[in-house]
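In: Would you be able to build a 3D model of this:
(one chain, ligands or ions: 2)
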Amino acid sequence: MAVININEAKKNIEQVGFLDIDVDVKLDLFKEIERLKKEKNAVILAHYYQEADIQDVADYIGDSLGLAQQAEKTKADVIVFAGVHFMAETAKILNPDKKVLLPDLKAGCSLSDSAPPHLFKKFKEQYPGHLVISYINCSAGIKALSDIICTSSNAKQIVESLPVDQKIIFAPDKNLGAYINKQTGRKMVLWDGACMVHEIFSREKITRLKIRHPQAKVIAHPECEDIVLQLADYIGSTTQLLKYTQKDDSKEYIVATETGILHQMQKDSPGKLFIPAPPDNSCACNDCPHMKLNTLEKLYLCMEYETPELLMEESLRQAALKPIRRMLDISAKLGL
Ligand code: 13P
Ligand code: SF4
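Out: Ligands and ions are numbered 1, 2, ... in the order given. Alright, predicted model coming up:
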């Protein structure tokens, strides 16, 4: 039940994560959001896992690396982050003087949650002489304990930028870490974390689906388990998967990642068939429940009232900035 009073709703944000007020159903939210963008010099950055309407009003849609790069160079006064908490945090770390809004502060991430900083600190102490490479899907607290950040589109290059004999801890995604170990021949120590969406795919069901669609290529995100990645014709970040489907000449794809990406794939290649990879349960959806907490209504409300805003303690921000900068510098040097 929505709260009517705006002041009450603002007070309530800590509990519910968003502005819980009714939006007039007759309001043209697309038009309103365009108006607010201009009025407030705001930019909307959206991840491919956001619902289709949000992708359609965004100024930039991308994967985690692209979004961090856009956040780094934006001239807007307000960054509206249509994604999850760690992504908005990264934008704030890069832009301490800008207002960063997240439509729902409770849009978290199971992978990020799998690495609480106090436990990771103890884990790190067991491996002296190791550098820490952390996947960007982690909290600012984990970033502050890391030497370099990576994303799924530059993880291999970031690891290879270090000497072959450098001992490395990779956190928090054990699946991406294992995949990069395989790709590079390194033996990085892996933190035992995983994404709830990418761990759900069923190897058996994908195999059966391939029998019904013998021409279909399997494309997968490296957050998937190795048994699923073994079935893949192509493995990459969301942007890399999208680019692959644009250039490749197949007509059918089984897509092993969150379903939001299908919106752009279908838009860019209307003649092709994109089939979401089936999960290992009776539910037919591979939606990320965290990403999907954001809605067009919440996006409109957070822009109109400039809340919920992402705030961060300055010492934490500075500590988390160093490894992000290192990633962005290496990526820029390599033209990624
Ligand atoms: P990329 O954005 O690097 O493809 O990662 C996907 C993801 O899980 C984001 O939460
Ligand atoms: Fe986190 Fe997985 Fe959702 Fe991405 S898809 S935000 S890694 S839970």
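In: Show me which residues of the chain are close to ligand 2?
Out: For the chain, the residues found near ligand 2 under the criterion CB under 6 Å from any ligand atom are 49, 84, 109-111, 137, 195-197, 258, 288, 290-291. C-betas here are computed from N, CA, C, even on glycine.
In: Include distance to Pro117 when you put those residues into CSV, please.
Out: Conversion of the residues of the chain next to ligand 2 to CSV gives the following (distance: CB to CB, whole Å):
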residue, distance to Pro117
Tyr49, 25
Val84, 17
Cys109, 14
Ser110, 16
Leu111, 14
Asn137, 14
Cys195, 19
Met196, 20
Val197, 23
Glu258, 26
Cys288, 22
His290, 19
Met291, 23
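In: Would you reformat the residues you listed as JSON lines and include pLDDT and neighbour count?
Out: Output for the residues of the chain next to ligand 2, formatted as JSON lines (pLDDT from 0 to 100; neighbours: other CB atoms under 10 Å):
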{"residue": "Tyr49", "pLDDT": "98", "neighbour count": "26"}
{"residue": "Val84", "pLDDT": "98", "neighbour count": "27"}
{"residue": "Cys109", "pLDDT": "98", "neighbour count": "22"}
{"residue": "Ser110", "pLDDT": "96", "neighbour count": "18"}
{"residue": "Leu111", "pLDDT": "97", "neighbour count": "27"}
{"residue": "Asn137", "pLDDT": "98", "neighbour count": "27"}
{"residue": "Cys195", "pLDDT": "96", "neighbour count": "25"}
{"residue": "Met196", "pLDDT": "94", "neighbour count": "14"}
{"residue": "Val197", "pLDDT": "94", "neighbour count": "25"}
{"residue": "Glu258", "pLDDT": "97", "neighbour count": "24"}
{"residue": "Cys288", "pLDDT": "96", "neighbour count": "23"}
{"residue": "His290", "pLDDT": "97", "neighbour count": "24"}
{"residue": "Met291", "pLDDT": "97", "neighbour count": "25"}
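In: So which of these reach ligand 1?
Out: Restricting these to those near ligand 1 - CB under 6 Å from any ligand atom - leaves 137, 195.
In: Looking at the residues of the chain next to ligand 2, which one is closest to Leu310?
Out: Of all these, Val84 has the smallest distance to Leu310: 11.3 Å, by CB to CB.
In: How about the contacts made by that closest one?
Out: 47, 107-109, 112, 288, 290-291 (CB atoms under 8 Å, 6 or more residues apart in numbering).
In: Just to check, Lys174 is in contact with Ala194?
Out: Yes: under the criterion of CB atoms under 8 Å, Lys174 makes contact with Ala194 at 5.9 Å.
In: how close does the residue nearest the centre of the chain sit to Ile133?
Out: The geometric centre of the chain, computed from its C-alpha atoms, lies nearest to Ser64 (CA atoms, centre = their mean), at 5.1 Å. To Ile133, Ser64 is 14 Å away according to CB to CB, to the nearest Å.
In: Also Glu252?
Out: Distance, Glu252 to Ile133, by CB to CB: 36 Å.
In: The two: which is more packed in?
Out: Ile133 (26 against 13; other CB atoms under 10 Å).
In: does that one really touch Leu145, like I thought?
Out: No: using CB under 8 Å as the test, Ile133 is too far from Leu145 to be in contact (11.5 Å).
In: out of the contacts of Val84, which are inside strands?
Out: His47 (DSSP state E).
In: Could you pull out the buried residues of the helix or strand bottoming out on mean pLDDT in the chain?
Out: Across the helices and strands of the chain, mean pLDDT, DSSP states H and E gives its lowest value to helix 6-16, namely a mean of 91. Going by neighbour count (16 or more other CB atoms under 10 Å), the buried part of helix 6-16 is 9-10, 12-13.
In: where do the helices sit along the stretch 151-300 of the chain?
Out: 155-160, 174-184, 203-212, 226-229, 238-247, 261-268, 296-305 (DSSP state H, counting those that start in this stretch).
In: which one of those helices is the most hemmed in?
Out: When the helices of the stretch 151-300 of the chain are scored by mean count of other CB atoms under 10 Å, the highest mean neighbour count falls to helix 296-305 (a mean of 22).
In: who does that one touch, helix- and strand-wise?
Out: Counting contacts by 3 or more CB pairs under 8 Å, 6 or more residues apart in numbering; DSSP states H and E, helix 296-305 is packed against helix 29-40, helix 52-57, strand 78-82.
In: Most tightly packed of the ones you listed?
Out: Mean neighbour count (mean count of other CB under 10 Å) peaks for strand 78-82 among those, with a mean of 27.
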